[in-house]
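1. Here's a sequence, model it:
(one chain, ligands or ions: 1)
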Amino acid sequence: MTQVVRGRVLGKAGFVFAELGFDAQILNLDPVMQEKDAPYILPGFIDTHVHGGGGADTMDGAEGVKKLARFHLEHGTTTLYPTTITNPWSNIIDALNGVKQVKEAAFSELPDIPGAHLEGPFISPQRLGAQPPNTLLPTTELLRELLELDITRLITLAPELEGATAAAQLLAKAGVRISIGHTKASYEEVEPFIQAVRDVGGKVGFTHLFNAMGGLSGREPGVVGAALSDIDAFAELIFDTHHVHRASFLAALAAKPDHLSLITDAIRACGMSDGQSELGGQTVFISEGQAKLADGTLAGSLLSLDQALRNAVEAGLSLRKASQLLSQTPANYMGLKDRGHLDPGKRADFLVLNQDLQLQEVYVAGRKVVG
Ligand SMILES: [Zn+2]
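-> Have a look, this model is predicted:
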């Protein structure tokens, strides 16, 4: 059954006053007369890095995945990659099985879940950030288990680990995106690693750019220098205004106008009140919009993507550009050709926002799920 919404629709060519006809897909985009106070209609957000929200965490299993997915849907995320954390291996496998169950059930009232983001355990014990210290080396045995499960679509990996290059090649050949992060690698270690992934046709990204990696300086470009100087590499960034300074965000965007995406890296406590919460078995303290471990380390975020959109606009981006970082660029990175912008033939995953960029309605594959 064809339905319609009217407003300032963001198509591939920019905003148009239009009537958007859709069923599960966008059917047509017909220009209409301009209307004052017409709502904005944007493509749904895609979050490639999200641990939890609304009191639930990916590590809780299928029920947790459903709950956090529903929470983020109410903030405009229509495609989501539940993200694991470094933990004993059996906990990680259980969590991945939970993601797989929810993906396969394809609940109509949830965002689309193409797969999981495996963040840890194949990371540097010296760049844990807020990850627990249960790191592992990427052995053939563990990778075989991952590939058999066939749910991981994105992995955060530290290139300097023993076996990391072979692991990255094996996973990249299976279509998994290789995201460099939680690493103490030098620029000289990162470059051949990227080349090795590309040699087998893989796509490379960087996990929460600037966080849990070395910085950029004149003589030592480091991981940040590798990310910014490589125009084909993607990078994800937490723009909650606590993890990354506005100027660093704008510098990254200037270097990577079409390869930078915004993520939440949200944790269980996102959307909950201040006090104590949990991340990967560790106690997390929530106050003033930040989540921290007892030692003060930032522990994920309390961000939702509708707030990331408003933060990006406040930082000076046009609404069109801000939307690109939340929809089109992550779709390009993950190879989701059926979404990312609102044009005929694409999935009808879209958001209706008022003049203040507050979310009014959310549609997933043409079904109104919020509003
Ligand atoms: Zn992380």
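2. Residue nearest the middle of this structure, spatially speaking?
-> Centroid check for the chain by C-alpha atoms, centre = their mean gives residue 48 as the closest residue, at 2.3 Å.
3. May I have the secondary structure class of it?
-> For residue 48, the assignment made with DSSP: H, G, I helix; E, B strand; the rest coil gives strand.
4. wait, it sits on residue 332?
-> No - counting by C-beta atoms under 8 Å, residue 332 is not a contact partner of residue 48; they are 11.4 Å apart. From N, CA and C alone the C-beta is placed, and that goes for glycine too.
5. State whether residue 138 and residue 159 are indeed in contact, as I suppose.
-> No - applying C-beta under 8 Å, one finds residue 138 not in contact with residue 159, separated by 10.9 Å.
6. Can you name the residues that contact the residue nearest to the centre of the chain?
-> Shown in contact with residue 48 (C-beta atoms under 8 Å, 6 or more residues apart in numbering): 81, 117, 154, 236, 261, 263, 330, 333-334.
7. how about 6 Å then?
-> Residues near residue 48 by C-beta atoms under 6 Å, 6 or more residues apart in numbering: 81, 117, 154, 263, 330.
8. Specify the beta-bridge partners of the third one.
-> Applying DSSP bridges to residue 154 yields these beta-bridge partners: residue 117, residue 177.
9. Relative to residue 121, how far out is it?
-> Residue 154 sits 15 Å away from residue 121, going by C-beta to C-beta, to the nearest Å.
10. What is the neighbour count of residue 114?
-> When neighbours are defined as other C-beta atoms under 10 Å, residue 114 has 18 of them.
11. Likewise for residue 62?
-> 17.
12. Is it correct that it is in contact with residue 100?
-> No - in this structure residue 62 lies outside contact range of residue 100 using C-beta atoms under 6 Å: 8.6 Å.
13. returning to what we had before: output the contacts of residue 48 in JSON lines; the columns should cover neighbour count, pLDDT and distance to residue 53.
-> Output for the contacts of residue 48, formatted as JSON lines (neighbours: other C-beta atoms under 10 Å; pLDDT from 0 to 100; distance: C-beta to C-beta, whole Å):
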{"residue": "81", "neighbour count": "25", "pLDDT": "98", "distance to residue 53": "13"}
{"residue": "117", "neighbour count": "28", "pLDDT": "98", "distance to residue 53": "14"}
{"residue": "154", "neighbour count": "25", "pLDDT": "98", "distance to residue 53": "18"}
{"residue": "263", "neighbour count": "28", "pLDDT": "98", "distance to residue 53": "13"}
{"residue": "330", "neighbour count": "27", "pLDDT": "98", "distance to residue 53": "17"}
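14. Can you tell me which of these lies closest to residue 191?
-> Minimum distance to residue 191 across the contacts of residue 48 is 21.1 Å, recorded for residue 154 (C-beta to C-beta).
15. and the closest one, how far is that from residue 269?
-> 23 Å.
16. And residue 83, by the same measure?
-> In terms of C-beta to C-beta, residue 83 sits 15 Å off from residue 269.
17. Which residue of these two possesses the greater neighbour count?
-> A direct count of neighbours by other C-beta under 10 Å for residue 83 and residue 269 places residue 83 higher, at 31 against 26.
18. how close does the residue nearest to that one when sequence neighbours are not counted sit to residue 21?
-> Once flanking residues are discounted, residue 83 sits nearest to residue 117: 4.1 Å by C-beta to C-beta, 6 or more residues apart in numbering. From residue 117 across to residue 21, the span is 34 Å (C-beta to C-beta).
19. Mind listing residues that contact the helix or strand hosting residue 286?
-> Assigned by DSSP states H and E, residue 286 falls within strand 282-287. With contact meaning C-beta under 6 Å, 6+ apart, strand 282-287 is reached by 269, 274-277, 291-292, 299.
20. buried set for the very next helix or strand once past that strand?
-> The helix or strand immediately downstream of strand 282-287 is strand 290-292, counting by DSSP H and E. Under the neighbour-count criterion of 16 or more other C-beta atoms under 10 Å, strand 290-292 has 290-292 buried.
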